[in-house]
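1. build the 3D model from these lines:
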Amino acid sequence: GGSFWVRPLAIEVLLGVGLALLYWWEVEPPQGLTPTRVAVWGGGAVGIPLQDPVATHAQFLLHAVLIALMAVATFIDVDEKMIPEEITDIGAIAGLLLVVLLPMARLPEWNALVGGAPAWDQSMYLNFTSPNAWQPWLNGARGLGIGLGCFCAWWLAIVPWEYIRRRRSVLTGLRMALANFVVCLSGRRPRLKYYRMLLVIGLVGFGGTLVVWALQSAIGQQRWVALLSSLVGMAAGGAIVWAVRIIGSRALGQEAMGFGDVTLVAMIGAFLGWQPCLMLFFIAPFIGVVIALVQLLLTGRKDIWYGPFLCAGALATIVFWATLWEGYGRILFGMGWLVP
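-> Sure thing, here's the model as predicted:
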(Lines give C-alpha, C1' and ligand atoms only; values in the text may rest on other atoms or scores of the structure.)
Protein backbone atom coordinates (compact mmCIF):
# COMPACT_ATOMS: atom_id res chain seq x y z
CA GLY A 1 0.00 0.00 0.00
CA GLY A 2 0.93 3.63 0.33
CA SER A 3 3.08 2.98 3.39
CA PHE A 4 5.43 0.58 1.63
CA TRP A 5 8.33 2.95 2.31
CA VAL A 6 8.08 2.73 6.12
CA ARG A 7 9.93 -0.57 6.57
CA PRO A 8 12.97 0.15 4.35
CA LEU A 9 13.31 3.57 5.99
CA ALA A 10 13.13 1.97 9.45
CA ILE A 11 15.73 -0.63 8.48
CA GLU A 12 18.15 2.02 7.23
CA VAL A 13 17.70 4.23 10.30
CA LEU A 14 17.95 1.39 12.81
CA LEU A 15 21.01 -0.10 11.10
CA GLY A 16 22.73 3.28 11.11
CA VAL A 17 21.98 3.92 14.78
CA GLY A 18 22.61 0.30 15.74
CA LEU A 19 26.04 0.12 14.11
CA ALA A 20 27.05 3.40 15.76
CA LEU A 21 26.03 1.99 19.15
CA LEU A 22 27.86 -1.26 18.41
CA TYR A 23 31.01 0.72 17.58
CA TRP A 24 30.72 2.58 20.89
CA TRP A 25 30.13 -0.71 22.75
CA GLU A 26 33.02 -2.65 21.21
CA VAL A 27 35.70 -0.02 20.61
CA GLU A 28 35.40 2.61 23.34
CA PRO A 29 36.90 1.82 26.80
CA PRO A 30 36.17 -0.30 28.75
CA GLN A 31 35.38 -2.21 25.52
CA GLY A 32 32.13 -4.11 25.94
CA LEU A 33 33.44 -7.47 24.77
CA THR A 34 35.94 -7.44 27.64
CA PRO A 35 34.85 -9.30 30.82
CA THR A 36 34.26 -7.43 34.06
CA ARG A 37 37.18 -9.06 35.88
CA VAL A 38 39.59 -7.81 33.22
CA ALA A 39 37.95 -4.40 32.76
CA VAL A 40 38.24 -3.69 36.50
CA TRP A 41 41.96 -4.43 36.34
CA GLY A 42 42.25 -1.79 33.64
CA GLY A 43 40.54 0.88 35.69
CA GLY A 44 36.86 0.38 34.87
CA ALA A 45 34.90 2.71 32.59
CA VAL A 46 37.65 5.35 32.53
CA GLY A 47 40.49 2.85 32.25
CA ILE A 48 42.94 2.33 29.47
CA PRO A 49 41.90 0.24 26.47
CA LEU A 50 42.79 -3.34 27.28
CA GLN A 51 42.74 -4.65 23.74
CA ASP A 52 44.73 -3.15 20.93
CA PRO A 53 42.49 -0.55 19.19
CA VAL A 54 43.36 -2.22 15.88
CA ALA A 55 41.86 -5.47 17.21
CA THR A 56 38.64 -3.83 18.42
CA HIS A 57 38.19 -2.02 15.10
CA ALA A 58 38.76 -5.32 13.28
CA GLN A 59 36.16 -7.02 15.47
CA PHE A 60 33.67 -4.24 14.77
CA LEU A 61 34.28 -4.51 11.02
CA LEU A 62 33.74 -8.28 11.05
CA HIS A 63 30.54 -7.96 13.05
CA ALA A 64 29.22 -5.08 10.91
CA VAL A 65 29.62 -7.17 7.75
CA LEU A 66 27.89 -10.12 9.40
CA ILE A 67 25.02 -7.92 10.66
CA ALA A 68 24.52 -6.47 7.16
CA LEU A 69 24.29 -9.98 5.69
CA MET A 70 21.91 -11.10 8.45
CA ALA A 71 19.70 -8.05 7.89
CA VAL A 72 19.26 -8.96 4.22
CA ALA A 73 18.58 -12.61 5.08
CA THR A 74 16.11 -11.66 7.83
CA PHE A 75 13.73 -9.51 5.83
CA ILE A 76 13.80 -11.69 2.72
CA ASP A 77 12.97 -14.65 4.98
CA VAL A 78 10.07 -12.71 6.52
CA ASP A 79 8.63 -11.95 3.08
CA GLU A 80 9.46 -15.06 1.09
CA LYS A 81 10.00 -17.80 3.73
CA MET A 82 13.40 -18.46 2.14
CA ILE A 83 16.99 -17.24 2.48
CA PRO A 84 18.89 -16.64 -0.78
CA GLU A 85 21.83 -18.98 -1.34
CA GLU A 86 23.82 -16.09 -2.77
CA ILE A 87 23.74 -14.35 0.63
CA THR A 88 24.74 -17.31 2.81
CA ASP A 89 27.19 -18.98 0.41
CA ILE A 90 29.13 -15.87 -0.57
CA GLY A 91 28.77 -14.59 3.01
CA ALA A 92 30.49 -17.70 4.37
CA ILE A 93 33.44 -17.21 2.00
CA ALA A 94 33.58 -13.54 3.01
CA GLY A 95 33.78 -14.59 6.66
CA LEU A 96 36.67 -16.97 5.96
CA LEU A 97 38.52 -14.30 3.98
CA LEU A 98 38.06 -11.66 6.70
CA VAL A 99 39.38 -13.84 9.53
CA VAL A 100 42.47 -14.68 7.46
CA LEU A 101 43.14 -11.01 6.69
CA LEU A 102 42.25 -9.91 10.25
CA PRO A 103 42.87 -12.81 12.66
CA MET A 104 42.48 -10.41 15.60
CA ALA A 105 38.86 -9.84 14.53
CA ARG A 106 37.78 -13.04 16.28
CA LEU A 107 35.87 -12.76 19.54
CA PRO A 108 38.24 -12.29 22.50
CA GLU A 109 38.89 -15.25 24.79
CA TRP A 110 40.54 -14.19 28.05
CA ASN A 111 42.33 -17.38 28.94
CA ALA A 112 45.82 -16.05 29.65
CA LEU A 113 46.46 -14.02 32.77
CA VAL A 114 50.05 -13.17 33.69
CA GLY A 115 50.62 -11.91 37.22
CA GLY A 116 46.96 -10.94 37.57
CA ALA A 117 47.05 -8.89 34.37
CA PRO A 118 45.74 -10.07 31.00
CA ALA A 119 48.31 -11.11 28.43
CA TRP A 120 46.91 -9.55 25.27
CA ASP A 121 48.37 -11.38 22.34
CA GLN A 122 47.13 -13.53 19.48
CA SER A 123 46.61 -16.51 21.80
CA MET A 124 43.72 -14.80 23.60
CA TYR A 125 41.31 -14.83 20.65
CA LEU A 126 38.66 -17.50 20.32
CA ASN A 127 39.66 -20.64 18.42
CA PHE A 128 37.87 -23.94 18.03
CA THR A 129 39.59 -25.57 21.02
CA SER A 130 38.83 -22.67 23.41
CA PRO A 131 38.89 -22.48 26.37
CA ASN A 132 41.26 -25.43 26.19
CA ALA A 133 44.76 -24.91 24.84
CA TRP A 134 45.45 -24.99 21.12
CA GLN A 135 47.14 -28.24 20.12
CA PRO A 136 50.33 -27.92 18.02
CA TRP A 137 49.39 -30.90 15.87
CA LEU A 138 46.52 -28.84 14.46
CA ASN A 139 49.12 -26.83 12.56
CA GLY A 140 50.28 -29.94 10.74
CA ALA A 141 48.84 -32.32 8.16
CA ARG A 142 46.05 -33.55 10.42
CA GLY A 143 44.89 -29.98 10.97
CA LEU A 144 44.92 -29.45 7.20
CA GLY A 145 42.80 -32.58 6.80
CA ILE A 146 40.25 -31.27 9.30
CA GLY A 147 40.08 -27.91 7.55
CA LEU A 148 39.69 -29.36 4.07
CA GLY A 149 37.20 -31.91 5.36
CA CYS A 150 35.05 -29.17 6.92
CA PHE A 151 35.14 -27.08 3.76
CA CYS A 152 34.32 -30.01 1.46
CA ALA A 153 31.45 -31.10 3.72
CA TRP A 154 29.98 -27.58 3.57
CA TRP A 155 30.52 -27.25 -0.19
CA LEU A 156 28.93 -30.63 -0.94
CA ALA A 157 25.97 -29.65 1.27
CA ILE A 158 25.20 -26.49 -0.74
CA VAL A 159 25.48 -28.22 -4.15
CA PRO A 160 22.03 -29.23 -5.50
CA TRP A 161 21.66 -33.03 -5.41
CA GLU A 162 18.21 -33.48 -6.90
CA TYR A 163 19.40 -36.23 -9.22
CA ILE A 164 20.57 -38.47 -6.39
CA ARG A 165 17.21 -38.24 -4.65
CA ARG A 166 15.28 -39.07 -7.81
CA ARG A 167 17.10 -42.28 -8.66
CA ARG A 168 17.58 -45.54 -6.83
CA SER A 169 21.22 -45.88 -7.86
CA VAL A 170 23.53 -43.46 -6.05
CA LEU A 171 26.19 -43.96 -8.73
CA THR A 172 23.72 -43.07 -11.48
CA GLY A 173 22.59 -40.07 -9.50
CA LEU A 174 26.19 -38.88 -9.09
CA ARG A 175 26.83 -39.22 -12.81
CA MET A 176 23.65 -37.27 -13.62
CA ALA A 177 24.53 -34.57 -11.08
CA LEU A 178 27.99 -34.20 -12.61
CA ALA A 179 26.55 -34.08 -16.12
CA ASN A 180 24.03 -31.46 -15.00
CA PHE A 181 26.86 -29.42 -13.49
CA VAL A 182 28.88 -29.56 -16.73
CA VAL A 183 25.89 -28.69 -18.90
CA CYS A 184 25.06 -25.71 -16.68
CA LEU A 185 28.64 -24.46 -16.90
CA SER A 186 28.44 -24.66 -20.67
CA GLY A 187 25.58 -22.15 -20.59
CA ARG A 188 22.73 -24.42 -21.69
CA ARG A 189 20.82 -24.56 -18.39
CA PRO A 190 18.92 -21.86 -16.46
CA ARG A 191 20.94 -21.83 -13.20
CA LEU A 192 24.20 -21.11 -15.00
CA LYS A 193 25.28 -18.25 -12.72
CA TYR A 194 24.61 -20.24 -9.56
CA TYR A 195 26.60 -23.26 -10.73
CA ARG A 196 29.48 -21.07 -11.81
CA MET A 197 29.35 -19.36 -8.43
CA LEU A 198 29.56 -22.76 -6.72
CA LEU A 199 32.56 -23.72 -8.83
CA VAL A 200 34.37 -20.47 -7.98
CA ILE A 201 33.53 -20.86 -4.29
CA GLY A 202 34.88 -24.41 -4.31
CA LEU A 203 38.13 -23.48 -6.00
CA VAL A 204 38.71 -20.39 -3.84
CA GLY A 205 37.90 -22.17 -0.58
CA PHE A 206 39.85 -25.37 -1.26
CA GLY A 207 42.83 -23.62 -2.82
CA GLY A 208 42.86 -20.82 -0.26
CA THR A 209 42.91 -23.28 2.63
CA LEU A 210 45.93 -25.06 1.13
CA VAL A 211 47.77 -21.77 0.56
CA VAL A 212 47.20 -20.41 4.09
CA TRP A 213 48.31 -23.73 5.63
CA ALA A 214 51.40 -23.98 3.45
CA LEU A 215 52.49 -20.38 4.15
CA GLN A 216 52.05 -20.41 7.94
CA SER A 217 55.68 -19.54 8.61
CA ALA A 218 55.61 -16.65 6.12
CA ILE A 219 52.24 -15.02 6.86
CA GLY A 220 51.87 -15.93 10.53
CA GLN A 221 50.56 -19.04 12.23
CA GLN A 222 47.62 -17.16 13.71
CA ARG A 223 46.09 -16.78 10.26
CA TRP A 224 45.94 -20.55 9.97
CA VAL A 225 44.53 -20.84 13.50
CA ALA A 226 41.84 -18.30 12.61
CA LEU A 227 40.98 -19.99 9.30
CA LEU A 228 40.81 -23.50 10.76
CA SER A 229 38.62 -22.26 13.62
CA SER A 230 36.26 -20.59 11.12
CA LEU A 231 36.13 -23.68 8.92
CA VAL A 232 35.18 -25.81 11.92
CA GLY A 233 32.63 -23.16 12.93
CA MET A 234 31.10 -23.18 9.45
CA ALA A 235 30.77 -26.95 9.33
CA ALA A 236 29.64 -27.38 12.94
CA GLY A 237 27.15 -24.49 12.78
CA GLY A 238 25.47 -25.97 9.73
CA ALA A 239 25.56 -29.49 11.18
CA ILE A 240 23.79 -28.42 14.40
CA VAL A 241 20.81 -26.98 12.52
CA TRP A 242 20.83 -29.76 9.91
CA ALA A 243 20.55 -32.40 12.65
CA VAL A 244 17.58 -30.59 14.20
CA ARG A 245 16.04 -30.18 10.74
CA ILE A 246 16.24 -33.93 10.07
CA ILE A 247 15.08 -35.07 13.53
CA GLY A 248 12.36 -32.42 13.81
CA SER A 249 10.99 -33.10 10.32
CA ARG A 250 10.68 -36.82 11.02
CA ALA A 251 9.10 -36.23 14.41
CA LEU A 252 6.56 -33.71 13.10
CA GLY A 253 5.91 -35.37 9.76
CA GLN A 254 6.60 -32.08 7.93
CA GLU A 255 9.53 -29.77 7.27
CA ALA A 256 10.66 -28.41 10.65
CA MET A 257 13.29 -25.96 9.41
CA GLY A 258 14.29 -24.81 5.96
CA PHE A 259 17.69 -25.59 4.46
CA GLY A 260 18.27 -21.83 4.32
CA ASP A 261 18.51 -21.91 8.13
CA VAL A 262 21.28 -24.51 7.81
CA THR A 263 23.36 -22.38 5.45
CA LEU A 264 22.59 -19.25 7.51
CA VAL A 265 24.10 -20.68 10.71
CA ALA A 266 27.01 -22.09 8.70
CA MET A 267 27.71 -18.54 7.49
CA ILE A 268 27.51 -17.21 11.06
CA GLY A 269 29.91 -19.96 12.14
CA ALA A 270 32.44 -18.80 9.55
CA PHE A 271 32.40 -15.35 11.17
CA LEU A 272 32.16 -16.28 14.85
CA GLY A 273 33.18 -19.93 15.36
CA TRP A 274 31.31 -23.00 16.55
CA GLN A 275 30.95 -22.07 20.23
CA PRO A 276 28.88 -18.91 19.54
CA CYS A 277 26.75 -20.95 17.08
CA LEU A 278 25.80 -23.37 19.84
CA MET A 279 25.02 -20.46 22.16
CA LEU A 280 22.84 -18.61 19.65
CA PHE A 281 20.95 -21.78 18.78
CA PHE A 282 19.72 -21.99 22.38
CA ILE A 283 19.09 -18.24 22.63
CA ALA A 284 17.00 -18.04 19.44
CA PRO A 285 13.95 -20.01 20.74
CA PHE A 286 13.47 -17.57 23.64
CA ILE A 287 13.35 -14.71 21.14
CA GLY A 288 11.15 -16.68 18.75
CA VAL A 289 8.58 -17.80 21.31
CA VAL A 290 7.58 -14.20 22.06
CA ILE A 291 6.97 -13.41 18.38
CA ALA A 292 5.25 -16.76 17.83
CA LEU A 293 2.81 -16.19 20.70
CA VAL A 294 1.95 -12.69 19.49
CA GLN A 295 1.41 -14.01 15.95
CA LEU A 296 -0.74 -16.87 17.24
CA LEU A 297 -2.93 -14.54 19.30
CA LEU A 298 -3.35 -11.95 16.54
CA THR A 299 -3.64 -14.13 13.43
CA GLY A 300 -4.07 -17.74 14.58
CA ARG A 301 -1.08 -18.79 12.45
CA LYS A 302 1.33 -21.37 13.87
CA ASP A 303 4.06 -21.26 11.22
CA ILE A 304 7.00 -18.92 11.79
CA TRP A 305 10.16 -17.93 9.97
CA TYR A 306 13.05 -19.07 12.11
CA GLY A 307 15.96 -17.39 10.29
CA PRO A 308 15.32 -13.95 11.86
CA PHE A 309 15.41 -15.47 15.35
CA LEU A 310 18.73 -17.17 14.59
CA CYS A 311 20.08 -13.80 13.44
CA ALA A 312 18.74 -12.12 16.58
CA GLY A 313 20.40 -14.85 18.65
CA ALA A 314 23.69 -14.20 16.86
CA LEU A 315 23.42 -10.47 17.56
CA ALA A 316 22.67 -11.12 21.24
CA THR A 317 25.65 -13.47 21.43
CA ILE A 318 27.96 -10.79 20.02
CA VAL A 319 26.70 -7.97 22.26
CA PHE A 320 26.63 -10.03 25.47
CA TRP A 321 29.66 -12.13 24.61
CA ALA A 322 31.62 -11.20 27.75
CA THR A 323 28.81 -12.26 30.08
CA LEU A 324 27.90 -15.40 28.13
CA TRP A 325 31.47 -16.65 27.82
CA GLU A 326 32.55 -15.85 31.37
CA GLY A 327 29.31 -17.05 32.95
CA TYR A 328 28.65 -20.19 30.92
CA GLY A 329 30.93 -20.72 27.94
CA ARG A 330 34.22 -21.29 29.74
CA ILE A 331 32.62 -23.98 31.94
CA LEU A 332 30.57 -25.67 29.23
CA PHE A 333 33.16 -25.71 26.46
CA GLY A 334 35.93 -26.56 28.88
CA MET A 335 34.52 -30.10 28.89
CA GLY A 336 36.04 -30.64 25.43
CA TRP A 337 34.75 -33.78 23.69
CA LEU A 338 32.00 -34.17 26.30
CA VAL A 339 30.19 -31.11 24.89
CA PRO A 340 28.21 -33.10 22.26
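2. C-alpha from now on. contacts and neighbour counts both.
-> Noted.
3. quick check: pLDDT value at the residue nearest the centre of the chain.
-> Per Cα atoms, centre = their mean, the C-alpha nearest to the average position across the chain is that of Ile268, at 1.5 Å. Predicted confidence (pLDDT) for Ile268: 97.
4. look at Cys311 and say how many residues are nearby.
-> Residues within reach of Cys311, counting by other Cα atoms under 10 Å, total 25.
5. any idea how far Ile318 is from it?
-> 11 Å (Cα to Cα, to the nearest Å).
6. Ser229 too?
-> When distance is defined by Cα to Cα, Ser229 is 17 Å away from Ile318.
7. neighbour-wise, which of those two wins?
-> A side-by-side neighbour count of Ser229 and Ile318, using other Cα under 10 Å, places Ser229 first with 26 against 20.
8. what about the helix or strand encompassing the more buried one, average pLDDT?
-> Element membership for Ser229 (DSSP states H and E) is helix 221-252. Averaging pLDDT along helix 221-252 gives 91.
9. now swap in stretch 291-300 and tell me
-> 85.
10. residues in contact with it?
-> The contact list for stretch 291-300, computed with Cα atoms under 8 Å, 6 or more residues apart in numbering, reads Arg301, Lys302, Ile304.
11. which among these end up buried?
-> Buried members of the contacts of stretch 291-300, counted by 16 or more other Cα atoms under 10 Å: Ile304.
12. okay if I get the contacts of stretch 291-300 as a markdown table plus secondary structure and distance to Gly237?
-> Shown next, in a markdown table, are the contacts of stretch 291-300 (DSSP: H, G, I helix; E, B strand; the rest coil; distance: Cα to Cα, whole Å):
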| residue | secondary structure | distance to Gly237 |
| --- | --- | --- |
| Arg301 | coil | 29 |
| Lys302 | coil | 26 |
| Ile304 | coil | 21 |
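13. out of the contacts of stretch 291-300, who's nearest Lys81?
-> Closest approach to Lys81 among the contacts of stretch 291-300 (Cα to Cα): Ile304, at 8.7 Å.
14. excluding its backbone neighbours, what's nearest the closest one?
-> Ala292 (6.6 Å; Cα to Cα, 6 or more residues apart in numbering).
15. same question for Val339.
-> The shortest distance from Val339 to any non-neighbouring residue, by Cα to Cα, 6+ apart, is to Phe333 (6.4 Å).
16. count the residues that sit near that neighbour.
-> Phe333 has 19 neighbours, counted by other Cα under 10 Å.
17. that one contacts Gly327, doesn't it?
-> No. Counting by Cα atoms under 8 Å, Gly327 is not a contact partner of Phe333; they are 11.5 Å apart.
18. where do the strands of the stretch 51-200 of the chain begin and end?
-> 113-114, 117-118 (DSSP state E, counting those that start in this stretch).
19. average model confidence for the first one?
-> In this case it means strand 113-114. 50.
20. ranges for the helices of the stretch 1-150 of the chain?
-> Along the stretch 1-150 of the chain, counting by DSSP state H, counting those that start in this stretch, helices occupy 6-27, 36-41, 53-80, 85-101, 141-158.
21. can you tell me which of those the model trusts least?
-> Among the helices of the stretch 1-150 of the chain, helix 36-41 scores lowest, with a mean of 56.
22. which pLDDT value goes with the residue of the chain most remote from its centre?
-> Relative to the C-alpha centroid of the chain, counting by Cα atoms, centre = their mean, Gly2 is the outermost residue, at 36.9 Å. We have a pLDDT of 86 for Gly2.
23. list the buried residues of stretch 145-161.
-> Judged by neighbour count (16+ other Cα under 10 Å), stretch 145-161 contains these buried residues: Gly147, Leu148, Gly149, Cys150, Phe151, Cys152, Trp154, Trp155, Ala157, Ile158.
24. ok, the residue nearest to the fourth one when sequence neighbours are not counted - contacts?
-> On the basis of Cα to Cα, 6+ apart, the spatially nearest residue to Cys150 that is not a chain neighbour turns out to be Ala235, at 5.4 Å. Taking Cα under 8 Å, 6+ apart as the criterion, Ala235 is in contact with Cys150, Phe151, Ala153, Trp154, Ala266, Gly269.
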